[in-house]
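Enquirer: Could you look at this predicted model? Sequence included:
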Amino acid sequence: MYWRCFVGVLNREMLKFWQQRSRLLSALVRPLLWLFVFAAGFRSALGLSMLPPYETYILYEEYIVPGLAAMIILFNSMQSSLSMVYDREMGSMKVLLMSPVPRSFLLCSKLVANTLVSAIQVYLFFCLALFVDVQLPLMGYVYALPIIALLSIFLGALGLLLANSIKQLENFAGVMNFVIFPMFFLSSALYPLWKMQEASEWLYQVCAFNPFTSGVELLRFGLYEKLATKELMIVSVLTFITFTLAVRSFRPKPAAVGFGNRSLGKNSA
């Protein structure tokens with residue numbers, strides 16, 4: 001029963017992804033604009049020092065590739081949560097939650113499907129990045145896979161938690177933008193933290209505190225066959241917390257008994 005439920009959720013999400021080809025196109029357009037257009041202008045204006053995990057000086061294009069890959073995961077996770085809000089308004093989510101399997105298993109199945117879609121999009125982006133001579137270590141692509149899975153689960157659980165707390169589709173779209181853009185721009189995805197510190201100390205502190213920064217740096221180190229232990233611990237703990245909160249938020253709430261029910265009982269008596 002569990003396997004059939006898992007395969008059903010996975011097939012549903014993959015079929016939805018295959019039918020929405022514009023979703024794949026939009027997921028790749030954003031990072032490719034940064035990589036092919038903005039990076040060309042910032043290359044001469046932004047000098048990058050030789051900092052870990054890099055062992056030599058690099059171009060700006062090579063620096064932003066891990067951050068843009070993390071951006072793909074972030075946008076896809078929130079897009080998947082947006083589709084769940086749509087399913088809830090259409091009534092299909094109620095049918096799914098009425099299945100005999102635990103809701104935690106259903107959420108895990110949805111997060112695995114989200115991870116698979118994110119991995120497909122990220123590795124397509126890595127292939128396109130080769131056209132601007134961004135050649136990462138070959139084994140780095142392998143080491144990055146579990147990190148992509150961890151980030152997808154973390155951001156997907158965060159999106160599910162937000163989706164369950166917001167009841168209307170229109171409101172969730174606004175909140176999604178409010179969450180995505182600060183998380184992305186106030187991180188080390190596009191600029192090193194030491195550049196932020198040169199600009200403003202408080203901005204540096206905000207970027208360092210941003211959990212998305214830990215995810216970006218974890219992916220960056222993984223792509224260069226290195227392990228960022230501190231960032232791994234931070235992302236792992238946050239993944240556990242957000243997933244636990246998401247599962248708790250999907251528990252059915254007990255029906256409240258009001259005065260109307262008591263008066264109805266008296267009348268029937």
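Expert: Structure received.
Enquirer: Low-confidence stretches in this structure?
Expert: Applying pLDDT under 70 to the chain flags the ranges 1, 43-50, 85-99, 167, 169-170, 251-269.
Enquirer: what about the helices in the stretch 151-269 of the chain?
Expert: For the stretch 151-269 of the chain, the helices defined by DSSP state H, counting those that start in this stretch occupy 169-185, 193-199, 201-209, 211-223, 229-249, 259-268.
Enquirer: could these be laid out in TSV, adding distance to F154 and mean neighbour count?
Expert: (Glycine included, C-beta is placed from N, CA and C.) Below are the helices of the stretch 151-269 of the chain laid out as TSV (distance: least, Cβ to Cβ, whole Å; neighbours: other Cβ atoms under 10 Å):
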stretch	distance to F154	mean neighbour count
helix 169-185	11	15
helix 193-199	20	15
helix 201-209	16	14
helix 211-223	7	25
helix 229-249	4	17
helix 259-268	42	9
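Enquirer: Out of those helices, the one nearest Q20 is which?
Expert: helix 169-185 (16.3 Å; Cβ to Cβ).
Enquirer: Which elements pack onto that closest one?
Expert: helix 60-90, helix 138-165, helix 211-223 (3 or more Cβ pairs under 8 Å, 6 or more residues apart in numbering; DSSP states H and E).
Enquirer: list the buried ones in the longest one?
Expert: Read it as helix 60-90. 60-85, 87-88 (16 or more other Cβ atoms under 10 Å).
Enquirer: Next, the angle from it to helix 138-165.
Expert: 30 degrees (axes from the mean of the first three to the mean of the last three Cα atoms, to 10 degrees).
Enquirer: tilt between helix 60-90 and helix 211-223?
Expert: 130 degrees.
Enquirer: So which elements touch helix 60-90?
Expert: Applying 3+ Cβ pairs under 8 Å, 6+ apart, one finds that helix 60-90 makes contact with helix 21-33, helix 39-45, helix 92-97, helix 103-129, helix 138-165, helix 169-185, helix 211-223.
Enquirer: switch to 10 Å and redo it
Expert: helix 2-19, helix 21-33, helix 39-45, helix 92-97, helix 103-129, helix 138-165, helix 169-185, helix 211-223 (3 or more Cβ pairs under 10 Å, 6 or more residues apart in numbering; DSSP states H and E).
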